[in-house]
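J.: could you look at this predicted model? Sequence included:
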Amino acid sequence: MSEKSWATTAELEGILERITYHNPENGYTVARLQVRGQEDLVTVVGYFPHIQPGQTLKLWGSWKEHPQYGCQFSADRFQEAQPATLTGIEKYLGSGLIKGVGPATAKRIVQHFGLETLQVIEQQIGRLREVPGVGSYRVQRIEQAWQEQKSIKEVMLFLQSHGVSTTHAVKIFKTYGDAAIATVQRNPYQLAQDIWGIGFKTADQIAQNLGIPADSDARLQAGLSYALLTATEEGHCYLPIEALITQAAALLGLTDQAGIRERLRENARQLVRQDQIKAEKLPDGSAACYHPPLYVAEVGLADLLQQRLGSPLPVDRERVHHWLSRYTEQQGIQLSDQQYQAVLMAAQQPILILTGGPGTGKTTTTRTITALWRAMGKTVLQASPTGRAAQRLAEVTGQEAKTIHRLLEFDPRLMRFKRDLDNPLVTDAVVIDEVSMIDLVLAYHLFKGIPPQAQVLLVGDPDQLPSVGPGQVLRDWIVSGRIPSVHLTQVFRQAAQSQIVSNAHRINQGRMPQFGRDGAPRRAEHDCQFVEAIEPETVVQQIQTLITETLPAQMGADWDPLEQLQVLCPMNRGLVGANHLNTVLQALLNPPQPNRTQLERGKRLYREGDRVIQLRNNYDLGIFNGDLGRIGSIDLEEQQMHIDFGGRLVPYDFADLNELALAYAITIHRAQGSEYPVVILPIHTQHFPMLSRNLLYTGLTRAKQRAWLVGTSKAIAIAVRQVNAQRRYTHLAQRLQSARLLPQ
Ligand SMILES: Nc1ncnc2c1ncn2[C@@H]1O[C@H](COP(=O)(O)OP(=O)(O)OP(=O)(O)O)[C@@H](O)[C@H]1O
């Protein structure tokens, strides 16, 4: 569409009334401006990295006639001016600029001081106390925030003029303080390494704005580091050099550039020289490229395990048999041969892996082993990778269980574990549950913290999804064949009656699950059911019907979907992904109400009463990745909300809300190690990229009382067939195999 330009340079000043459109990628904005002396709002278009309603803007540019939208001002550059009208000042003050001043307080302040408001704040801040409802404490906070604002301003101006959003600019300022500009100018790629939430893409955008050439060494090295980081986020412990080069070239958009592979190879060598990549020769002569801490962890873990793989401990087997027969009689159980074997091995082996699917008696066997160890006079410590898994371990064993981080006394200030090689735990034995969730680095720290003479029992299910972090530690341990292990296969009668359990085993064997039809073990009620829904929209509708009609009828009077139900999705994206379902379920389970405050942040909407999940470990707040809570209150004035985590009210600044997501629906990956009374599992061909046997298996086994699958049989069949979807690059098994074996 052609535009007619009227003048080349013109000037315009006004108050930003609202933003009609803003593209966060490139800052392109369409906004409406209130200009003195003009009755109608003026439309302004241009590239504004960040502007807020209420700001007074001075703009330079030209007037244009847009064929569809009419006359508009196209701005080439702008400057923020001090607001000059009462509404402007009020909007500016109340826009969230200053903590402690929301729209209501701003109004009161401006009513009191009129056009002099900003001058008063600047020069006689104490006078704010004249405003009804503004006490000394608040004045102090406003003063502090005003000062901070001023020093931030210069940095913000610089960053914003290079396309950085306000949220990122604040984070950059918080991280580097006054050194922010210098750091960004020196190497913008540093941001991606130092600041959570800023990735290579944002850093790269800033670099481009600063004029750093697309094929500069700094950019190539950043691309290589980022490609390696992405690979570790996908679970790999290393990347073969050729794969690293291919991925870096693609990421940098330079795949077609002549000679790029050689240049990337040279830059990779440079990173090796700077100790930013650790290279190791592979059997085929090429190099494996490790992020150095992962190399240290892989080699270190293999070494520590090797030291433990000694001869069996001298144990009086007769006494163990004797104790076991008394114990099982007391408990009214009879151990299966596999279970008996596991207990005997645990008595003698320095380290034992115990695996099995649901209902195969892992818990029963673990309980017997810890009872035996205690009877032998040993002290036993128990831990799991996540808080929820630790809580469950404590419940089923009746003994204290901690998270591995707490067991090893992680110090968040120093970001290190206090229990390590020099200061190991004081114990004779350790039980670790949900081992499939342990990644390489955690496994390494774990074995540094366990004293060499202590016996270790590792319990897990290798068919669950592998750890979120790099490695497939449990599988590698088993595959290496070096660590004594027992795999329980017999499903006990009581458990086998559950279709959740029997279907989990069917899925694991590559067979389609059965839902209350031929052949499936029958129960008065079936605990695992399926609703076929072909269209994604129907899947969403059926989930709503389950929640509003079917489940209330099935579950009876105590049914509380906000507490007992978890929707588990294969992925976040798409109509039947967790993000969209959260919006739908929020409207269904926690609809707007006059007494419920809500807050909109970009595309997200938070409402009091919402079920939320923490997305990263926050040691300051003592809240960890995966913790579930409910929004207790939202305070728009203080710009803070309180989240209720199981009775503990935790304050969140609005600025930290990117750490929280709605949790009506979460991904199956996030749900690892947790269990819920009722699970609804949408499964559709829209989820195709994620569908795999261990994903479906993990999702289904999260349900303790009832599971509902909603979607297509075709998607279930795809998932059941898709084995070991992603191979992870790791060398742990080979390192263990090549380890020198001590005499047995
Ligand atoms: N030797 C046994 N004889 C009879 N029943 C058993 C035996 N071992 C376990 N069970 C029963 O089988 C069921 C499953 O056992 P358990 O909870 O120990 O298995 P699990 O592998 O930990 O299961 P999940 O992974 O589902 O928690 C329980 O009801 C338990 O009482």
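T.: Here it is on my side, so go on.
J.: from Met641, how far off is the most centrally placed residue in the chain?
T.: The geometric centre of the chain, computed from its C-alpha atoms, lies nearest to Leu615 (CA atoms, centre = their mean), at 4.0 Å. From Leu615 over to Met641 the distance is 15 Å, taken as CB to CB, to the nearest Å. Where C-beta positions appear, they are placed from N, C-alpha and C, glycine not excepted.
J.: can you pull the pLDDT of Lys153?
T.: Confidence at Lys153, expressed as pLDDT, is 66.
J.: just the one 5 residues further on next, same as before
T.: Turning to Phe158, the model gives it a pLDDT of 77.
J.: what about stretch 363-379, average pLDDT?
T.: Here the average pLDDT along stretch 363-379 is 95.
J.: got the residues of the protein near the ligand?
T.: In this structure, the chain approaches the ligand at residues 333-336, 339, 356, 358-364, 492, 494-495, judged by CB under 6 Å from any ligand atom.
J.: which one of these sits closest to Val139?
T.: Checking the residues of the chain next to the ligand against Val139 with CB to CB, the nearest one is Thr363 at 58.7 Å.
J.: quick check on the closest one: phi, psi?
T.: For Thr363, the backbone dihedrals are phi -70, psi -50 (criterion: degrees, to the nearest 10).
J.: show the contacting residues for the closest residue to the ligand within the stretch 551-700 of the chain.
T.: Among all residues of the stretch 551-700 of the chain, Glu675 sits closest to the ligand, at 8.3 Å; criterion: CB to the nearest ligand atom. If a contact means CB atoms under 8 Å, 6 or more residues apart in numbering, then Glu675 has 388, 392, 702-704 as its contacts.
J.: so which elements touch the host helix or strand of Leu271?
T.: When secondary structure is defined by DSSP states H and E, Leu271 falls within helix 260-273. Counting contacts by 3 or more CB pairs under 8 Å, 6 or more residues apart in numbering; DSSP states H and E, helix 260-273 is packed against helix 217-233, helix 241-252, strand 278-281.
J.: same thing but 6 Å
T.: Taking 3 or more CB pairs under 6 Å, 6 or more residues apart in numbering; DSSP states H and E as contact, the helices and strands that helix 260-273 lies on are helix 217-233, helix 241-252.
J.: dump these to JSON lines, plus mean neighbour count and distance to Ala557.
T.: What follows is the helices and strands packed on helix 260-273, written out as JSON lines (neighbours: other CB atoms under 10 Å; distance: least, CB to CB, whole Å):
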{"stretch": "helix 217-233", "mean neighbour count": "21", "distance to Ala557": "45"}
{"stretch": "helix 241-252", "mean neighbour count": "19", "distance to Ala557": "55"}
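J.: Serialize those helices to CSV and add fields for distance to Gly577 and mean pLDDT.
T.: Listed next are those as CSV, based on distance: least, CB to CB, whole Å; pLDDT from 0 to 100:
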stretch, distance to Gly577, mean pLDDT
helix 217-233, 19, 93
helix 241-252, 24, 96
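J.: okay, the ones you listed in JSON lines with distance to His580 next?
T.: Putting these into JSON lines (distance: least, CB to CB, whole Å) gives the following:
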{"stretch": "helix 217-233", "distance to His580": "24"}
{"stretch": "helix 241-252", "distance to His580": "28"}
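J.: so which of those gets nearest Asp316?
T.: For these, the distance to Asp316 is smallest for helix 217-233, at 46.7 Å, taking CB to CB.
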